[in-house]
Each structure stands twice: as C-alpha cells, then as structure tokens.
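Enquirer: Mind looking at a prediction? Sequence and model below.
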Amino acid sequence: MTRNSSENVYVTKLSAARRQLLAAIRLYFAGEDELAVHTVASAAYRITADLKAKRGGDEVGDYIQRATFYAVRGYRRGTLLPAIEEDAELKQWIGKLADSVPISSSTKCEEVKVRLGDQVRRDYWAEMNSASNFLKHADRDASATLSLEEVDNLRLLVVAFSSYRDLVEEAVEFEPEGLVLLLYSMTVTGVSKDIPEDIRDLVGRIKDVPREQRLRYCSGLLESIKGTNR
C-alpha cells in the first residue's frame with residue numbers, strides 16, 4: 001500500500017495493539033524468529049493491559065480468575081488437560097483448591113471473583129516481562145543471557161489475545177488469526193472435551209497433522225481463511 005507523504009495517518013493505542021498482535025500470530029505460524037515474535041506480542045500485551053487498567057480493569061486478576069475457574073471446573077467435570085492429569089502433585093493441588101472455592105461443574109466464569117495482593121501482581125509481571133525486558137534493554141545488564149525456555153510464545157499470544165478481547169465488543173475470536181490461534185492452542189494442550197461443535201472438525205484436522213508440521217499447516221489454514229473472507 002502506498003501513501004502520499006503529505007498525509008498524516010493516526011492510529012489509536014487499541015488499533016496499534018491489534019495490528020501488533022495479529023502480526024505476531026502470523027509470524028508465529030510462519031515459523032519466524034521466536035525472539036521477534038515475542039517482542040511484537042509483548043508490546044501488544046503491554047498496551048492492552050494498560051488500557052484495561054485505565055478502564056478500571058485488572059489484567060492479572062482476570063488471568064488468575066480464568067485460570068482458577070477453568071482448572072477447578074475441569075476438575076469437577078473430569079476434563080482436566082492431559083498435562084495436569086499426568087502431574088499428580090498439580091492435580092492434587094487443584095483438588096485442594098476445588099475444596100476451598102464455590103465453583104461447580106455448571107458455574108460460569110463471570111460468577112467467579114478473586115482478590116489479589118500487590119505482590120501477586122508484581123510476581124506475575126516479573127515473570128511475563130522477563131524475556132521481553134531482556135530483548136529491549138542493555139543499559140544495566142549488557143552481559144546477561146536469556147534461556148530460550150523462558151520464551152513461551154504460545155502462552156503469551158493466548159493471554160495477549162484474551163486481554164485484547166476484553167477491550168472490544170465484537171467477536172474478535174473469529175478474526176482468522178484469533179480463530180487459528182484458538183484451534184492450535186486446543187490441539188497443543190490436548191483438549192478433547194468441551195470443544196464447540198462448530199470447530200471440532202478443524203481441531204481434529206490439526207491433530208491429525210504430524211507435530212513438526214502443525215505450524216506450517218496452521219499458517220496455510222490462516223491464509224486460506226483470510227482468502228475466503230476477502
């Protein structure tokens with residue numbers, strides 16, 4: 001796209017976050033450099049979290065609310081993720097949590113309320129910002145190194161997209177990037193129950209693709225959906 005140099009084009013913070021986030025998702029599925037993906041996604045997440053705070057929201061509270069709700073509801077329904085089922089200590093911890101919170105198999109997420117201390121918020125952002133801070137600063141830690149195990153782009157993209165969804169009213173999960181991210185994350189986490197019927201077939205198709213080829217397959221799926229929507 002070309003633009004006359006005399007034109008002034010402005011973007012809002014929310015639209016900037018959207019563009020960064022959707023671009024990061026495309027880069028992720030295209031197999032681009034994981035550090036570049038992390039930098040772009042982190043920038044989008046920081047904007048959405050700040051915008052939520054300006055509107056009286058609480059990104060960390062929302063994250064922990066959802067994590068608590070889905071873990072306990074999954075425990076009640078017998079639909080815990082395979083990774084949790086295989087971790088006896090974690091499953092036992094969730095069982096104890098389930099005994100202490102009023103979440104049943106039919107409880108809705110918005111019915112769950114959490115109260116957090118400031119230290120919980122500091123710890124959350126210290127963890128989430130660890131890799132992104134390394135990638136954008138060198139004034140105080142020029143000799144520092146980063147373990148690539150700390151770069152969890154799938155988790156970052158999922159929480160960033162969830163944060164963005166909290167700020168908009170339209171069904172943004174049906175933007176091609178959001179839809180494919182949802183499908184892929186369900187495949188990676190091993191979700192086998194509670195998958196909406198209208199996307200069950202797509203999740204199954206991704207599961208049938210060899211693990212090492214799934215990113216490329218999802219990149220092609222994304223392009224196919226975007227082409228259909230043009």
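Expert: In hand now; what should we look at?

Enquirer: all contacts plus neighbour counts: C-alpha atoms, from now on.
Expert: Noted.

Enquirer: and the helix or strand where residue 218 lies, what other elements does it pack with?
Expert: Assessed by DSSP states H and E, residue 218 sits inside helix 214-229. If contacts are counted by 3 or more CA pairs under 8 Å, 6 or more residues apart in numbering; DSSP states H and E, helix 214-229 sits against helix 13-29, helix 176-189, helix 197-208.

Enquirer: That helix to helix 176-189, inter-axis angle?
Expert: In terms of direction (axes from the mean of the first three to the mean of the last three CA atoms, to 10 degrees), helix 214-229 departs from helix 176-189 by 150 degrees.

Enquirer: Among the helices and strands packed on helix 214-229, single out whichever gets nearest to residue 168.
Expert: Of all the helices and strands packed on helix 214-229, helix 13-29 sits nearest to residue 168, with 9.1 Å by CA to CA.

Enquirer: what is the rounded mean pLDDT of that closest one?
Expert: Per-region confidence: helix 13-29 scores 96 on mean pLDDT.

Enquirer: Stretch 133-143 too?
Expert: Per-residue pLDDT values across stretch 133-143 average out to 85.

Enquirer: And the contacts of that stretch?
Expert: 35, 39, 146 (CA atoms under 8 Å, 6 or more residues apart in numbering).

Enquirer: ok now it, how far from the chain's centre?
Expert: If you compare the mean C-alpha spot of stretch 133-143 with that of the full chain, they lie 25 Å apart, counting by CA atoms, centre = their mean, to the nearest Å.

Enquirer: which one in the contacts of stretch 133-143 is the model shakiest on?
Expert: Comparing pLDDT over the contacts of stretch 133-143, the lowest score belongs to residue 146 (88).

Enquirer: how many other residues sit next to that one?
Expert: By the criterion of other CA atoms under 10 Å, residue 146 has 11 neighbours.

Enquirer: in the chain, which spans are helices?
Expert: Counting by DSSP state H, the segments of the chain that form helices are 13-29, 34-54, 59-77, 82-85, 88-100, 118-136, 153-167, 176-189, 197-208, 214-229.

Enquirer: Of those helices, give the one that comes closest to residue 107.
Expert: Distance to residue 107, taken as CA to CA, is lowest for helix 59-77 among these, at 7.6 Å.

Enquirer: mean pLDDT lowest for which of the helices of the chain?
Expert: Between the helices of the chain, the lowest average pLDDT goes to helix 82-85, which shows a mean of 86.

Enquirer: Need the residues that contact that helix.
Expert: By CA under 8 Å, 6+ apart, the list of residues contacting helix 82-85 from outside reads 90-91, 189-191.

Enquirer: mind putting the residues you listed in a markdown table, distance to residue 26 and neighbour count included?
Expert: Formatted as a markdown table, the contacts of helix 82-85 follow (distance: CA to CA, whole Å; neighbours: other CA atoms under 10 Å):
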| residue | distance to residue 26 | neighbour count |
| --- | --- | --- |
| 90 | 33 | 13 |
| 91 | 34 | 18 |
| 189 | 20 | 12 |
| 190 | 22 | 14 |
| 191 | 23 | 16 |
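
Enquirer: Would you mind putting those into CSV with distance to residue 216 alongside?
Expert: Compiled in CSV, those are given as follows (distance: CA to CA, whole Å):
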residue, distance to residue 216
90, 32
91, 33
189, 18
190, 19
191, 21
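
Enquirer: ok, residues contacting the helix holding residue 218?
Expert: The list of residues contacting helix 214-229 from outside it, by CA under 8 Å, 6+ apart, reads 26, 28-31, 176-177, 180, 184, 206, 209.
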